[in-house]
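Chemist: I would like the atomic coordinates for the input below:
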Amino acid sequence: TFEPPKNIFLSGKAISILGIAVAIFIGFRNTQAIDRWWEARKLWGELVNSSRLWKDSLIAYLDEETLSKQGRLLLSTQSALMWALNFELRNFAKKDDLELFQMLLKKSQIAKHMGSTRYISEITMRRINNLHREGKLDNWGRNQMVNTGSLITTSIGGLQRIRNTPIPPPYDVFVRILSWVFGSQLIIAFKRDGSILTGALLTAGFILAERIGSYIEGPFDKDGSTFSIPQNELCHLITDELTA
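Modeler: Reported below is the predicted structural model:
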């Protein structure tokens, strides 16, 4: 029977201290990861509501003729903006979704190579300004559209901040190594007591908790995993509601 070298054993007190440290580090990392995921989900929810407000405001402030022309153009532009944000956050696009995005850009009269969130936002505000200058949108309507645009821009900025400031990789590596070191010592300690299965199960619990935190901290994963934000579904919802 294989016996590990005795010089790799830690004392019971050392294992207890290491376990406390592992629990603290995993708990802190997982708390931060869940906060990032939840904030991203709330910001996407705000984008859904802001997109609905965008359409409602256009219906309220534009006459039927203007709504059927420039209004439809602005609705397509808003849908394109949401898809552009989706692709920028994930750095990935499915073929069908990309074709839909390109169709929305065409309907919005925006060149394909100019389909970034920043450019689409700018052209949207220029079109709102043109409607106001042409007398098709009064002061109240212009202010409402600008305010709604500000809400959308704020939400987009929040999502980009989450994407651009991940939890530092060295911290992730440190927590992972610490978890495996503690797990191996836990298994060895329980093996000496004749309860290796208990040690293995406890180790699996710590490793699972560490891995869940690692997955959750990336809410924009391109693989569309269980832990990522359902951005494609949200964008389809927005597109269906705006273009209906």
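
Chemist: quick check, distance from the longest helix anywhere in the chain to the centre of its chain.
Modeler: Assignment by DSSP state H gives helix 12-61 as the longest helix of the chain. Distance, stretch centre to chain centre, for helix 12-61: 9 Å (CA atoms, centre = their mean, to the nearest Å).

Chemist: Outside of whichever helix or strand comes after it itself, which residues are in contact with it?
Modeler: Next along the chain after helix 12-61, taking DSSP states H and E as the criterion, comes helix 64-66. Contact with helix 64-66 is made by 131, 136, 137, as judged by CB atoms under 8 Å, 6 or more residues apart in numbering. Every residue, glycine included, has its C-beta placed from N, CA and C.

Chemist: Which elements pack onto the following helix or strand past helix 64-66?
Modeler: Counting by DSSP H and E, the element after helix 64-66 in chain order, helix or strand, is helix 72-90. Identification of packing neighbours for helix 72-90 by 3 or more CB pairs under 8 Å, 6 or more residues apart in numbering; DSSP states H and E yields helix 12-61, helix 95-107, helix 117-133, helix 139-164, helix 231-243.

Chemist: Based on its surroundings, how many neighbours for residue 211?
Modeler: 12 (other CB atoms under 10 Å).

Chemist: Please report how far it lies from residue 144.
Modeler: 46 Å (CB to CB, to the nearest Å).

Chemist: Any chance of the contacts of helix 64-66 in a markdown table with distance to residue 16, pLDDT and neighbour count as columns?
Modeler: Shown next, in a markdown table, are the contacts of helix 64-66 (distance: CB to CB, whole Å; pLDDT from 0 to 100; neighbours: other CB atoms under 10 Å):
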| residue | distance to residue 16 | pLDDT | neighbour count |
| --- | --- | --- | --- |
| 131 | 69 | 95 | 22 |
| 136 | 72 | 94 | 18 |
| 137 | 68 | 94 | 26 |
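
Chemist: Next, format those as CSV and append distance to residue 105.
Modeler: As requested, the contacts of helix 64-66 are exported to CSV (distance: CB to CB, whole Å):
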residue, distance to residue 105
131, 20
136, 24
137, 23
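
Chemist: rewinding a little: which helices and strands sit right next to the longest helix of the chain?
Modeler: helix 72-90, helix 139-164, helix 169-192, helix 196-216, helix 231-243.

Chemist: among those, which is nearest residue 104?
Modeler: helix 72-90 (4.0 Å; CB to CB).

Chemist: What mean pLDDT does that closest one get?
Modeler: Average pLDDT, helix 72-90: 95.

Chemist: okay, and for the chain, where does confidence drop off?
Modeler: 1-12, 222-226 (pLDDT under 70).

Chemist: Let's see that with 80 instead.
Modeler: 1-15, 191-194, 215, 218, 221-227, 244 (pLDDT under 80).

Chemist: What is the neighbour count of the closest residue to residue 86 other than its chain neighbours?
Modeler: Leaving aside its sequence neighbours, residue 86 sits nearest to residue 231 (CB to CB, 6 or more residues apart in numbering; 4.6 Å). Residue 231 has 23 neighbours, counted by other CB under 10 Å.

Chemist: Pull the contacting residues for residue 231.
Modeler: Counted by CB under 8 Å, 6+ apart, residue 231 has contacts 44, 86, 89, 90, 220.
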